[in-house]
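Enquirer: Just to be clear, the model below is a prediction. Sequence and coordinates:
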Amino acid sequence: MHPTPPLHPEQRLQARVVPYWLLGDGVGALLLTGLVWYFVRPWLQQHWDGWSGTIEDLLLVVCTLWLAQAVALPPLSYVRWRYGFVGDLLLLRYGVFFVEERAVPVRRMQHVDLLRGPIERLFGLATLVVYTAGNEGSAFRVPGLNLTTAQELRDRIVQMRGDQRV
């Protein structure tokens, strides 16, 4: 009996995904924190009789944690993200606090797309989106790929499915 190969994805995302995620998450967190601090906080102060310095301190802590996670999570996500093929399985592993591992057979894949928004293009990145049969997690993304790698993965999936069109 031959031992089965380990089902551990080995490929890493492009390191450029970290500043891309930092920019996206950081700008979003800054905007939302600013909205909360400059609009929601004054509104609560005027309209809530129970407003106190303690609640304002709590709101400040929440906003600070929001910003901290926007800075801390992208490098941690990058360290955890892995993908790769073993036979006809596309393997994925990602997550910081809750690590998710997926083994998706190519035969269940319906179609694949490449997404490249303007900021992704600025960083030279692409996202591979794979749609599968079924309801549970019927689509998943592999972010942070360079364009050539994303195209090669897409072409490999199409080839493994036996489709002639790319």
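Expert: Yep, it's here.
Enquirer: tell me which strands and helices the helix or strand bottoming out on mean pLDDT in the chain is in contact with?
Expert: With mean pLDDT, DSSP states H and E as the measure, the helix or strand of the chain carrying the lowest mean pLDDT is helix 41-47 (a mean of 85). Packing partners of helix 41-47 (3 or more C-beta pairs under 8 Å, 6 or more residues apart in numbering; DSSP states H and E): helix 53-80. In this view, the C-beta of every residue, glycine as well, is placed from N, C-alpha and C.
Enquirer: Which positions within the helix it packs on qualify as buried?
Expert: Within helix 53-80, the residues that qualify as buried are L59, C63, W66, L67, A70, P74, S77, Y78, counting by 16 or more other C-beta atoms under 10 Å.
Enquirer: what's the lowest-pLDDT member of the residues you listed?
Expert: Within the buried residues of helix 53-80, the minimum per-residue pLDDT falls on L59 (85).
Enquirer: That residue: what's it in contact with?
Expert: With contact set as C-beta atoms under 8 Å, 6 or more residues apart in numbering, L59 has these partners: V36, W37, R41.
Enquirer: quick one, what contacts L153?
Expert: V112, L128, V142, L145.
Enquirer: Out of those, list just those in strands.
Expert: Counting by DSSP state E, the members of these that fall within strands are V112, L128, V142, L145.
Enquirer: And for the second one, the neighbour number?
Expert: Just to be clear, that refers to L128. Burial of L128 is recorded as 23 neighbouring residues (other C-beta atoms under 10 Å).
Enquirer: For the residue nearest to A126 when sequence neighbours are not counted, give me phi and psi.
Expert: With sequence-adjacent residues excluded and distances taken as C-beta to C-beta, 6 or more residues apart in numbering, A126 is closest to A150, at 3.9 Å. Backbone geometry at A150, expressed as degrees, to the nearest 10, gives phi -60, psi -40.
Enquirer: so A150 touches V112, yeah?
Expert: No: under the contact definition of C-beta atoms under 8 Å, A150 does not touch V112, with a separation of 9.3 Å.
Enquirer: hang on, the earlier thing: looking at the contacts of L59, spot the one nearest T132.
Expert: Sorting these by distance to T132 puts V36 at the head of the list, at 37.9 Å, by C-beta to C-beta.
Enquirer: Quick one: residues contacting the closest one.
Expert: Under the criterion of C-beta under 8 Å, 6+ apart, the neighbours of V36 are L59, C63.
Enquirer: V106 now?
Expert: Contacts for V106 (C-beta under 8 Å, 6+ apart) come out as D88, L89, L90, I157, M160, R161.
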